[in-house]
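Pasting a predicted model and its sequence here:
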Amino acid sequence: MLNPFCAAFLLAVEAQRVIELRLVRLAWGGAEAQAEMVSMVGEKVVAALEAANTLMTGGSHDQVIARYRELVADNTRRLTA
């Protein structure tokens, strides 16, 4: 298991890649860009609610970061496919 600082740092780096991929998709415009914008907002709301639930039920910040890293990895795979 990674130490908390390393996990948070990796999340920041990995999230920047997703931001780059999303900006490219948005720049191309069209239906895919519109779908990406809707997806982006929805994903963020769901992830924030999930993180809050984890913390309120006794979960740790490490668990939240690990879950966010999973979600970011899913987005990276989807956007590079």
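Nice, I can see it.

switch to C-alpha atoms for all contacts and neighbour counts from now on
Noted.

Please verify my assumption that A51 contacts S60.
No: using C-alpha atoms under 8 Å, A51 is not in contact with S60; the gap is 9.5 Å.

between these two, who's got more neighbours?
Each of A51 and S60 has its neighbours counted (other C-alpha atoms under 10 Å); A51 has more, 19 against 13.

show me where pLDDT drops low in this structure?
Along the chain, the model assigns pLDDT under 70 to residues 1.

In the protein, which residue is most central in space?
Closest to where the C-alpha atoms of the chain average out (C-alpha atoms, centre = their mean) is V72, at 3.6 Å.

next SSE after the longest helix anywhere in the chain?
Looking across the chain with DSSP state H, the single longest helix is helix 30-56. Sequence-wise, the next helix or strand downstream of helix 30-56 (DSSP states H and E) is helix 61-80.

so how far is that next one off the chain centroid?
Here helix 61-80 is found 5 Å from its chain centre; the criterion is C-alpha atoms, centre = their mean, to the nearest Å.

got a list of contacts for that helix?
With C-alpha atoms under 8 Å, 6 or more residues apart in numbering as the contact definition, helix 61-80 has outside contacts at 4, 7-8, 11, 14-15, 17-18, 21-22, 47, 51, 54-55.

With stretch 26-34 instead?
With contact meaning C-alpha under 8 Å, 6+ apart, stretch 26-34 is reached by 25, 36-37.

A48 - how many residues pack around it?
A count of nearby residues for A48, using other C-alpha under 10 Å, gives 13.

I65 and G30: what is the separation?
Distance from I65 to G30, counting by C-alpha to C-alpha, to the nearest Å: 33 Å.

more crowded one of those two?
Taking other C-alpha under 10 Å, I65 and G30 do not tie; I65 has more neighbours (18 against 10).
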